[in-house]
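>>> just coords:
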């Protein structure tokens, strides 16, 4: 059996009792390292708060390992129990559909243990989840690559009065192209987009389009480290949030559509004065 | 402190370790009874599997109690710790924004402990969460009341190639109007809409509009008891699912928009042959 266990968002104690039961049964335990593991105490030497709480040795699996060595992860999983741990929910912002498909094709039973994900935890800001339109991802602009497909989606959501969750770029284990050209496989340090950068890019795009779908005066909500003890949820104009220091990653940004009375009341609690 | 603790979807062991820590600290523990408590072993005499696992007496709070007697629930919560337990996530399909607003106005600190909700657990069917449009709720039709505002939303989502999550009506503690007229406050037995009823209503509506946004041949996905050990996820044409017995509540229905290759592969695993 392959158990895909969501760990939730905050720390090592956000696992569910069912999740912990599954981990205890497993012969091998992997954890995906695509997204931020900061709050889970995963350090480069592999020691972790997780291993202490879960009572198991855990192998960190980066994207390369999962994509290229999935057979190793799945080996024997038709007879033995193997766990694959995932920050958030297994099918939240980062999805693990490919691993599930591969396992099922090998005849391995898969059991998913759900948990909170940024996709539902953003509900805490008070904007109703069922009033969100399509989620967008905002990638880091480079000098030569400034894609803006997210802009049309935000525009569409706003036109329909719907809220937009903007997921912000995470670059973990990106190859260093300069060194790669010289034949060395090196990686750039991880980068996590801040709310400030996201707003800067959003304002650049809307200006390029000569539109006023949103402006520096538009109210939005920044959320940092959702689900952690030190999470921050701050509502304010784009101009205000552009200057606000949200601290450590992960960040995300919500652009409200049409709000209801009760949504406004909640946003008020988070508003910068 | 008011702790609002998400219990997840399946059973009493879907609480997180952080959630359990919070419950253990609390002087009073309530559980919301708006949605289905079936799998959580809440029976009419108040005994429950929950109380055994959590080691606390739990008061069941129906909508009436939360709306009319919120002050009782919140009394002392600025000095003592009080827990309000919620099936799924505190801000998932059923939201508790009103309780949070009321507590904050009383100067009570609120801490939310997130968990899985139907809003993210549907990811298990393989359709990517970030490709969903606005969520719709489908209410029970009566002879005289057949609202169809959900139809335009589904149409819009399909036009944009987005998936639609349909939440199906739950009627818990609905007053019996016939008896109420005779001066007695009685309640109808709880009703949970099945996937079959939802599809029947959906097909009626599209026919009334003379549209072909979807047809009896359109593929959709029915999910019952998401997150439970006996959950069911079945993909098939509306016509096929109309006849399929999904068993006990809760049910929900997903109408796919444009699907990608990996999404199709996942749906294949769930398809009726």
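Arrived safely. All figures in this text were calculated on a predicted structure; none of them were measured in a lab.

>>> low-scoring stretches of chain A, by residue?
Counting by pLDDT under 70, chain A has low-confidence residues at A:34-39, A:41-47, A:93.

>>> which helix is the longest one in it?
helix A:195-208 (DSSP state H).

>>> what parts of the stretch 51-200 of chain A come near chain B?
Contact residues, the stretch 51-200 of chain A versus chain B (CB under 8 Å from any CB of the partner chain): A:53, A:89-93, A:95, A:97-98, A:100-101, A:104, A:112, A:114-117, A:119-121, A:123-124, A:126, A:128-137, A:156, A:160, A:162, A:167. The way it works is simple: take the backbone N, C-alpha and C, and place the C-beta from them, glycine included.

>>> now do the helices in the stretch 1-150 of chain A.
A:17-25, A:49-54, A:63-68, A:70-74, A:97-105, A:118-121, A:149-159 (DSSP state H, counting those that start in this stretch).

>>> now do the strands in the stretch 151-273 of chain A.
A:164-168, A:170-171, A:191-192, A:219-224, A:232-237, A:251-255 (DSSP state E, counting those that start in this stretch).

>>> okay if I get those strands as a markdown table plus mean neighbour count?
What follows is the strands of the stretch 151-273 of chain A, written out as a markdown table (neighbours: other CB atoms under 10 Å in any protein chain shown):
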| stretch | mean neighbour count |
| --- | --- |
| strand A:164-168 | 23 |
| strand A:170-171 | 17 |
| strand A:191-192 | 16 |
| strand A:219-224 | 24 |
| strand A:232-237 | 19 |
| strand A:251-255 | 24 |
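
>>> quick one: end-to-end length of stretch A:242-262, please.
Its first and final residues considered, stretch A:242-262 spans 26 Å by CA to CA, to the nearest Å.

>>> can you say which of the residues of the stretch 51-200 of chain A next to chain B are buried?
A:53, A:89-93, A:95, A:97, A:100-101, A:104, A:112, A:114-117, A:119-121, A:123-124, A:126, A:128-137, A:156, A:160, A:162, A:167 (16 or more other CB atoms under 10 Å in any protein chain shown).

>>> tell me the domain boundaries of chain A?
A:2-116, A:119-269 (automatic domain parsing).

>>> looking at the stretch 101-250 of chain A, which residue is nearest chain B?
Closest approach between the stretch 101-250 of chain A and chain B, counting by CB to the nearest CB: residue A:123, at 2.5 Å.

>>> my guess is that residue meets residue A:129, correct?
Yes: assessed by CB atoms under 8 Å, residue A:123 is found in contact with residue A:129 at 5.0 Å.

>>> who touches both of those two?
B:91-92, B:95 (CB atoms under 8 Å, 6 or more residues apart in numbering or on different chains).

>>> was I right about residue A:254 contacting residue A:167?
No: contact criterion CB under 8 Å: residue A:254 and residue A:167 do not qualify, at 10.6 Å.

>>> neighbours of residue A:81, how many?
19 (other CB atoms under 10 Å in any protein chain shown).

>>> quick one, phi/psi of it?
Main-chain torsions, residue A:81, degrees, to the nearest 10: phi -90, psi 130.

>>> residue B:23: which of the helices of the stretch 1-150 of chain A is closest?
helix A:17-25 (11.9 Å; CB to CB).

>>> check which helices and strands that closest one is in contact with.
Judged by 3 or more CB pairs under 8 Å, 6 or more residues apart in numbering or on different chains; DSSP states H and E, the packing partners of helix A:17-25 are strand A:2-6, helix A:49-54, strand A:82-86, strand A:110-113, helix B:17-25.

>>> mind putting these into TSV with distance to residue B:2?
Output for the helices and strands packed on helix A:17-25, formatted as TSV (distance: least, CB to CB, whole Å):
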stretch	distance to residue B:2
strand A:2-6	25
helix A:49-54	26
strand A:82-86	30
strand A:110-113	27
helix B:17-25	10
